[in-house]
Each structure stands twice: as C-alpha cells, then as structure tokens.
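A.B. asks: here is a sequence together with a model predicted from it:
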Amino acid sequence: MMRQPRFRGGGGRFGGGGLGGGGLGGVRFGHGFPMSRWVLRLMIANFAVFLLMAVRIVPAGAIEWLGFMMPGFLTRPWSVVTYMFVHGGFMHLFMNMLALFFFGPPLEQKWGSRFFLRFYLVTGLGAAAFSVLLYSLTGPTLMVGASGAIFGLLVAFALNWPDAKIFLYFVFPVPAKWFVAGLGALTLLSTVQGSTDGVAHWAHLGGLVTGFVYLRYGERIGRFAHGALYKERPAPRRSRKRRPAPPPPPPRRRRRVDGDSLDEVDRILDKIRADGMDSLSARERAFLDEVSRQYRQTTGTEKKTRTH
C-alpha cells in the first residue's frame, strides 16, 4: 500500500509561489517540495525529445511514428508509450511540464518513486485506451503529449489534498477538489460535443478517469484479475482408508491336567508319604516337574487376565 508521510506543502498552497529559488539537494521550490527524482527525469526526457525534433536531429515526420493513432498503433505498438514524450509545440510542452513541476513532487514524495512512475505511465496508457474506446466519436486522430498523465496527476493530487489551494492563472485561489471537478466537467463536455479546437479532450478525460479508478479501486481490480488469471483449484481430497486393525492374538491354550494325570499324581504322592522322596524314580520325578510347570503356567495366565 502507499506510504502516508505527513503533508508538508508550504501552507497548503500550490502554484502560487512562482518558480524562483529552484534547486536540488534539499533546496525547496515555491510549492514547498524539493524536486523529486522521476519528475526531473520526465521533464528532461520531454524537453530532450522536443529539442531533438526542433533541431531536426530527429526528423519532423517521426511524430507520426511516435504519436498514437487508432488503428495505426497495431503496427506501431511502442506508440502507446512514446506519444507521451512528443508534443505539438513549445506551449503544449511548457504547460504540461509546468503542471508536472508543481503537482509531481508532492505525489512522488508521498508515494515513493516506483509507485509514482507506475501511476504516471498507467494514466498515460488509460488516455490512449480512451482513444480506442471512443474511436467512433473521435475518428483517426493522431494524439501526442503528456496531458493524459498530467490530468491523472491532477486527480491524484485532489484526492490526497482536496482543500489545498490551486492559484488559477496565479491569481484566483481554488480548492483542489473544486478545481479538478470543474476541469473534469469541462473535459467531459468538450469530449461529448466533439470539440474541433485541436485538443484531444478524450485523452484528458481518460487520464482523469484512469487516475481516479486506479487510486480508488486499483487493489480490488488487481485482486480480481489475479484470481481470474491464476485460479487456484482445490486439490482433490484423498480418501484416507483406515487400515484394518490387526487381528487379536489367538488366546493361549491352557494346558489342563487330565484325569489320568491326576491319578498318577495321587499315586506318586502316596508313594512319597509312604517311602519318602528318595523312593521316586527319574521318570516319576520328571512327571511331577512337568505337572508343576503346567500348574504354574495356568495360574500365571489367570492372574494376568484379572489384572489387565
């Protein structure tokens, strides 16, 4: 999301301090903000292209290759960007760069350079998109200039500092929100009426609308587009088959002493009472040991069963 540093805008007045006292590296201009990185680079790029075309280093006919026109941009796709750096005359360039000079640094300081540059280019592309959408109304018209991006900066400034004073013609103070609202109404009216003053009013309208939509609904649109392009399909649930419980161990068979064995035990016991233990043979002793072992085993199993 955008950073929200504290506003330091020279008393909330923009456009009324003149251009004196300019400089970089902490020196502040009349609007109260130092010149920012990408505002300076964009101004240099626009003036450089104008000078190269003015001294004929770049031929004047190149404007048709760098400008944006529907449907010619299909064969010149670079023109959706290059048209923003080409202007039809010095006053056209000067007014656009003057607005960039006043309204660009506050926004770049508030947003950061990366977001500022992205916003500038997106609003410029939005202005070109309006030329495509309104082709039936505008016809095949060559469009040049950074006005679409500049109008995007104007609406962004009004959304961030709605009550800051903009000095119309450097004389009349007007709150930014009313200044931009009036400018948008005039632009819409000129677009609908199909003005023939040589100004691409639909591009200005495209910059205003794109800037407003991008700032207010850009995150929602981005999330929707990401969800539409990269749908995450839920992984199929794997049925977990429970392993069958192992069968219980077979119960131990208790060895019981049968009736014949009991009779033999009684006989041996009678012999012991009559003649003593020394009278027993080895076979009789082994038989008694076996019967005794079976009895102890049976008794131990019963104890374990009871105490489990």
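C.D. replies: Yep, it's here.
A.B. asks: how about the closest residue to residue 287 other than its chain neighbours, secondary structure?
C.D. replies: Closest residue to residue 287 in three dimensions, ignoring its sequence neighbours and counting by Cβ to Cβ, 6 or more residues apart in numbering: residue 264, at 6.6 Å. C-beta coordinates here come from the backbone N, C-alpha and C atoms, glycine included. At residue 264 the chain is in helix, as set by DSSP: H, G, I helix; E, B strand; the rest coil.
A.B. asks: now do residue 245
C.D. replies: coil.
A.B. asks: tally up the residues packed near it, please.
C.D. replies: The number of residues packed near residue 245 is 6, by other Cβ atoms under 10 Å.
A.B. asks: angles on the backbone of it, please.
C.D. replies: phi -70, psi 140 (degrees, to the nearest 10).
A.B. asks: distance of it from residue 203?
C.D. replies: 76 Å (Cβ to Cβ, to the nearest Å).
A.B. asks: ok, now residue 65?
C.D. replies: 19 Å.
A.B. asks: please enumerate the helices of the stretch 151-300 of the chain.
C.D. replies: Counting by DSSP state H, counting those that start in this stretch, one finds helices in the stretch 151-300 of the chain at the ranges 176-193, 201-229, 259-275, 282-307.
A.B. asks: check which helices and strands the second one sits against.
C.D. replies: Okay, so that is helix 201-229. In terms of contacts (3 or more Cβ pairs under 8 Å, 6 or more residues apart in numbering; DSSP states H and E), helix 201-229 is packed against helix 113-133, helix 147-160, helix 176-193.
A.B. asks: contacts for whichever helix or strand comes after the first one, please.
C.D. replies: Secondary structure here is assigned by DSSP states H and E; on that basis, the next helix or strand after helix 113-133 toward the C-terminus is helix 135-138. Defining contact as Cβ atoms under 8 Å, 6 or more residues apart in numbering, one finds that helix 135-138 is touched by 70, 71, 131, 191, 194, 200, 202.
A.B. asks: now, among these, which is nearest to residue 162?
C.D. replies: residue 191 (24.1 Å; Cβ to Cβ).
A.B. asks: my guess is the closest one contacts residue 134, does it?
C.D. replies: Yes. Using Cβ atoms under 8 Å, residue 191 makes contact with residue 134 at a distance of 7.3 Å.
A.B. asks: between the two, what contacts are shared?
C.D. replies: residue 202.
A.B. asks: averaged pLDDT, stretch 189-202. What do you get?
C.D. replies: Taken as a whole, stretch 189-202 has a mean pLDDT of 75.
A.B. asks: then stretch 275-290?
C.D. replies: 78.
A.B. asks: again with stretch 62-75
C.D. replies: Mean pLDDT, computed over stretch 62-75, is 84.
A.B. asks: tell me the confidence at residue 303?
C.D. replies: For residue 303, pLDDT reads 44.
A.B. asks: more neighbours: which of residue 65 and residue 203?
C.D. replies: Taking neighbours as other Cβ under 10 Å, residue 65 and residue 203 compare with residue 203 leading, 31 against 14.
A.B. asks: just give me the neighbour total for residue 207.
C.D. replies: 30.
A.B. asks: for the one 4 residues further on, same thing?
C.D. replies: Under the neighbour criterion other Cβ under 10 Å, residue 211 is assigned a count of 30.
A.B. asks: now do the one 4 residues further on
C.D. replies: Burial of residue 215 is recorded as 17 neighbouring residues (other Cβ under 10 Å).
A.B. asks: so residue 163 touches residue 178, yeah?
C.D. replies: No. Contact between residue 163 and residue 178 fails when scored by Cβ under 8 Å: they sit 9.6 Å apart.
A.B. asks: neighbour-wise, which of those two wins?
C.D. replies: The neighbour count for residue 163 versus residue 178, taken as other Cβ under 10 Å, is higher for residue 178 (13 against 10).
A.B. asks: for the more buried one, what are its contacts?
C.D. replies: Contacts of residue 178 by Cβ under 8 Å, 6+ apart: none found.
A.B. asks: so how far is residue 200 from it?
C.D. replies: Residue 178 is 24 Å from residue 200, by Cβ to Cβ.
A.B. asks: with distance to residue 41 added, can I get the helices of the stretch 151-300 of the chain in JSON lines?
C.D. replies: Output for the helices of the stretch 151-300 of the chain, formatted as JSON lines (distance: least, Cβ to Cβ, whole Å):
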{"stretch": "helix 176-193", "distance to residue 41": "25"}
{"stretch": "helix 201-229", "distance to residue 41": "20"}
{"stretch": "helix 259-275", "distance to residue 41": "110"}
{"stretch": "helix 282-307", "distance to residue 41": "88"}
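A.B. asks: spatially nearest residue to residue 272, not counting backbone neighbours?
C.D. replies: residue 280 (6.9 Å).
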